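A.B. asks: Have a look; sequence and predicted model below, questions after that.
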Amino acid sequence: DVKVTQSSRYLVKRTGEKVFLECVQDMDHENMFWYRQDPGLGLRLIYFSYDVKMKEKGDIPEGYSVSREKKERFSLILESASTNQTSMYLCASSPGTGGGEQYFGPGTRLTVT
Amino acid sequence: GQNIDQPTEMTATEGAIVQINCTYQTSGFNGLFWYQQHAGEAPTFLSYNVLDGLEEKGRFSSFLSRSKGYSYLLLKELQMKDSASYLCAVIHNTNAGKSTFGDGTTLTVKP
């Protein structure tokens, strides 16, 4: 079974803090993704990566950065957390260069106060 | 731009059949996925269509018409556990299989 794990299920941070969300997959997938999910707005892509050290902006990259130093790990960084970044964050991975079904982690519910 | 439309909510009765529609307009098309997401959980894969026609998988089937930019998910013999959100997603960029997701259709199954 493909397993995608995320470092925390729930996280509470203060405005201005630097926040790290970690994602690890165990199936040697090339592609990894970070989404946020908000009521009424669906899943929105923040960043994705198709290889180690390769990253591309998704639809809403502002206020975020990412790091992929190892194939199995994809980190999302909030440089200076703001209240409008309170959301559910979902990591996913998929195999191959053309993409395939995405396997999602359990999600991290981040609250910024 | 990318645009995917699904109904926001649907209600159906246990044992019945329900069809959830998805229309899309994307720059490039390389396949369409349906995912199921129960409340508080992550999405899980249901089906994949890349060619026109119907794909059947047990109680679930998915149909695609690329010329019409249209897909549907058909759920038969509905069970209470099918109450969930159903997400339509289009792969429109083969670089890493970047996908755009619809907002999801929340299905409520009533006894």
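C.D. replies: In hand now; what should we look at?
A.B. asks: Which residue does chain B have closest to chain A?
C.D. replies: B:G97 (1.2 Å; CB to the nearest CB). Using the backbone N, CA and C atoms, a C-beta is placed for each residue, glycine as well.
A.B. asks: wait, that residue sits on A:S94?
C.D. replies: Yes: B:G97 lies in contact with A:S94 (CB atoms under 8 Å); the separation is 5.3 Å.
A.B. asks: Now do the shared contacts for those two.
C.D. replies: Each of A:N31, A:G100, A:Q102 lies in contact with both B:G97 and A:S94 under the rule CB atoms under 8 Å, 6 or more residues apart in numbering or on different chains.
A.B. asks: From the residues you listed, list the ones also adjacent to chain B.
C.D. replies: A:N31, A:G100, A:Q102 (CB under 8 Å from any CB of the partner chain).
A.B. asks: which residues touch the last one?
C.D. replies: When contacts are counted by CB under 8 Å, 6+ apart, A:Q102 touches A:F33, A:A92, A:S93, A:S94, B:F33, B:Y35, B:P43, B:F45, B:A89, B:G97, B:S99.
A.B. asks: Which strand runs longest in the chain?
C.D. replies: Because you didn't say which chain, this covers chain A. Taking DSSP state E as the assignment, the strand of chain A that covers the most residues is strand A:42-51.
A.B. asks: was after chain B, sorry
C.D. replies: Secondary structure of chain B read by DSSP E shows that its longest strand is strand B:84-93.
A.B. asks: Paired strands for that one, with orientation please.
C.D. replies: strand B:32-37 (antiparallel), strand B:98-101 (antiparallel), strand B:105-110 (antiparallel) (DSSP bridges).
A.B. asks: Tell me the pLDDT of the residue of chain B closest to chain A.
C.D. replies: Model confidence at B:G97, given as pLDDT, is 72.
A.B. asks: Does stretch A:57-74 reach chain B?
C.D. replies: Yes: contact of stretch A:57-74 with chain B (CB under 8 Å from any CB) involves A:G58, A:D59.
A.B. asks: and that stretch, C-alpha only, in PDB?
C.D. replies: Provided in PDB are the C-alpha atoms of stretch A:57-74 (Å, rounded to 0.1, in the frame of the first residue of the first chain):
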ATOM      1  CA  LYS A  57       4.400  27.000  -8.700                       C
ATOM      2  CA  GLY A  58       0.900  25.900  -8.700                       C
ATOM      3  CA  ASP A  59      -2.100  28.200  -8.700                       C
ATOM      4  CA  ILE A  60      -1.600  29.900  -5.300                       C
ATOM      5  CA  PRO A  61       2.100  30.000  -4.400                       C
ATOM      6  CA  GLU A  62       2.100  33.400  -2.800                       C
ATOM      7  CA  GLY A  63       3.300  33.300   0.800                       C
ATOM      8  CA  TYR A  64       4.700  29.700   0.500                       C
ATOM      9  CA  SER A  65       7.900  28.000  -0.500                       C
ATOM     10  CA  VAL A  66       8.900  24.400  -0.900                       C
ATOM     11  CA  SER A  67      11.900  22.100  -0.600                       C
ATOM     12  CA  ARG A  68      12.600  18.700  -2.000                       C
ATOM     13  CA  GLU A  69      16.000  17.500  -1.100                       C
ATOM     14  CA  LYS A  70      15.200  13.800  -1.100                       C
ATOM     15  CA  LYS A  71      12.800  12.000  -3.400                       C
ATOM     16  CA  GLU A  72      10.600  10.800  -0.600                       C
ATOM     17  CA  ARG A  73      10.200  14.100   1.200                       C
ATOM     18  CA  PHE A  74       8.500  17.300   0.200                       C
END
